[in-house]
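**Student:** need coordinates for the following:
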Amino acid sequence: MPKYAEKQETTQHQPKRLSKTPLEKGIHHGKKAISLTVRVGNYIRNIPIIAHFIRATLRFNDRMGNQFGAAITYFSFLSLIPILMLSFAIAGFILASNPDLLAKLINGIANSISDPTLANTLKNSVDTAIKQRTTVGLTGLAIALYSGVNWVSNLRQAILAQFHPVWVRNQEDNEKIYFKYFRDSISLIGLLLALVITLSLTSIAGSAQATIVKMLGLDGIEWLRPSWFLIGLAISISANYLLFLWLFWVLPRHQPERKALLKGTLMAAIGFEVIKYIMTMTLPRLANSPSGAAFGSVIGLMAFFYLFARLTLFCAAWIATADNNHKNTE
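**Tutor:** Numbers count the residues shown, from 1 in each chain. Here you go, the predicted structure:
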């Protein structure tokens, strides 16, 4: 038999290839979908801003950003106690020099509380606070300085943990204790001044714009209202920018790359403005509920401190993982 005939006969006896089963088709389409998803994920991950965000998130988590944020929140809230003591002492000096104001305060307490026993207890507390205003003030001032200096030191260590290419214990522990406390006291004063300037500019921008518009006789022009809002927002963000520039540039005594510093500070300033807006919208609603009236201020303060700490540390990680800084550490 010719070879061609043998080949033809063999081919005729072979079974025909069946079409793919639904399972095989599903597996094939699944592999294609997975491959496409991986390619899309790699493409998105290689976008510069996404890659930077991933590096910053990894740095933030690797350097215990959540734990540092919780610690900063705790020490921030704890530092309020001596500040409140100092505030009560100042109020005591003011009330002691103004008997009429003191009488109005005591009468207001008596009229607002129906229980006479509780009213008398509060009256005695006010009298005791006024009599012991000097002791309370000096004690509060000393504790406030001590806790404030330690708070600044902890905040610096948390920021430096994000900044340093290799996370090691800072060498400033070898410094003399009095020099360290003196330098941290100067840093605390600088931070307080930055906070006062920031909050003052924000307050002026928010409350004075309506007065200025009315004084200029422009309150009837509707299209100016968005413009004034944007101007106030720009002033508030600028004040936030100065605060975070001080935190990232002056406080750590570490010089990051200039371009990354400016961009990270701007991101922190905008984020801080968003936090303030959320808090101003949330706290009044929280105070309307019975539980919110009792614990709303405490919860609000803790949430504010925690968001502020996380924002600060994440932006520090963002600055540290910018392209130039990232290349220098590799």
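
**Student:** quick one: find the helix or strand in this structure with the lowest mean pLDDT.
**Tutor:** helix 3-13 (a mean of 50; mean pLDDT, DSSP states H and E).

**Student:** right, and the helix or strand after it?
**Tutor:** The helix or strand immediately downstream of helix 3-13 is helix 22-45, counting by DSSP states H and E.

**Student:** average model confidence for that next one?
**Tutor:** For helix 22-45, mean pLDDT rounds to 76.

**Student:** quick one: contacts of the next helix-or-strand element following it?
**Tutor:** Proceeding N to C from helix 22-45, the next assigned helix or strand is helix 48-62, under DSSP H and E. With C-beta atoms under 8 Å, 6 or more residues apart in numbering as the test, helix 48-62 has contacts from 44-45, 162, 167, 313-314, 317-318, 320-323, 326. All C-beta atoms are positioned from the backbone trio N, CA, C, and that covers glycine.

**Student:** the same query, at a cut-off of 6 Å, please.
**Tutor:** 44, 314, 317-318, 321 (C-beta atoms under 6 Å, 6 or more residues apart in numbering).

**Student:** where does pLDDT dip in the stretch 101-250 of the chain?
**Tutor:** Across the stretch 101-250 of the chain, residues meeting the criterion (pLDDT under 70) sit at 106, 109-115, 118-119, 122, 126, 168-176, 178, 202-210, 212-213, 216-225.

**Student:** 90 - rerun?
**Tutor:** 101-157, 164-240, 242-243, 246, 250 (pLDDT under 90).

**Student:** what is the subsequent helix or strand relative to the helix or strand containing Ala103?
**Tutor:** Using DSSP H and E, the element containing Ala103 is helix 99-112. Downstream of helix 99-112, the first helix or strand assigned by DSSP H and E is helix 116-131.

**Student:** what's the angle between the following helix or strand past that following helix and helix 48-62?
**Tutor:** Remark: after helix 116-131, the chain's next helix or strand is helix 133-163, criterion DSSP H and E. Between helix 133-163 and helix 48-62, the angle comes out at 120 degrees (axes from the mean of the first three to the mean of the last three C-alpha atoms, to 10 degrees).

**Student:** so what's the residue count around the closest residue to Gly92 other than its chain neighbours?
**Tutor:** If the residues on either side of it in the chain are set aside, Gly92 comes closest to Arg133, at 3.2 Å by C-beta to C-beta, 6 or more residues apart in numbering. Arg133 has 19 neighbours, counted by other C-beta atoms under 10 Å.

**Student:** quick one, what contacts Arg133?
**Tutor:** Contacts of Arg133 by C-beta under 6 Å, 6+ apart are 89, 92-93.

**Student:** closest to Phe272 out of those?
**Tutor:** When those are ranked by distance to Phe272 (C-beta to C-beta), Ala89 comes first, at 30.5 Å.

**Student:** tell me the contacts of the closest one?
**Tutor:** 133, 136-137.

**Student:** over to it. Which of the three states is it?
**Tutor:** In three-state terms, and counting by DSSP: H, G, I helix; E, B strand; the rest coil, Ala89 is helix.

**Student:** quick check: the gap between the residue nearest to it when sequence neighbours are not counted and Val152.
**Tutor:** Excluding its sequence neighbours, the residue lying closest to Ala89 (C-beta to C-beta, 6+ apart) is Gly137, at 3.0 Å. Using C-beta to C-beta, to the nearest Å, Gly137 is found at 22 Å from Val152.

**Student:** can you check Tyr146 too?
**Tutor:** Distance from Tyr146 to Val152, by C-beta to C-beta: 11 Å.

**Student:** between these two, which one's more packed in?
**Tutor:** Val152 (22 against 13).

**Student:** hmm, Ser187 and the more buried one touching each other?
**Tutor:** Yes. Proximity of Val152 to Ser187 meets the contact threshold set by C-beta atoms under 6 Å, at 4.9 Å.

**Student:** and the residue lying closest to Ala260 once chain neighbours are set aside, backbone torsions?
**Tutor:** Spatial nearest neighbour of Ala260, chain neighbours left out: Ala322 (3.3 Å); criterion: C-beta to C-beta, 6+ apart. Dihedral angles of Ala322 (phi, psi; degrees, to the nearest 10) stand at phi -60, psi 170.

**Student:** how many neighbours does Ala322 have?
**Tutor:** 20.

**Student:** isn't it right up against Arg258?
**Tutor:** No. With contacts defined as C-beta under 6 Å, Ala322 does not count as touching Arg258, sitting 10.3 Å away.

**Student:** list the contacts of stretch 144-152.
**Tutor:** 75, 79, 82-83, 86, 181, 184-185, 187-188.

**Student:** okay if I get those residues as a markdown table plus neighbour count?
**Tutor:** Below are these laid out as a markdown table (neighbours: other C-beta atoms under 10 Å):
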| residue | neighbour count |
| --- | --- |
| Phe75 | 19 |
| Ser79 | 18 |
| Pro82 | 20 |
| Ile83 | 15 |
| Leu86 | 19 |
| Tyr181 | 17 |
| Asp184 | 20 |
| Ser185 | 14 |
| Ser187 | 21 |
| Leu188 | 22 |
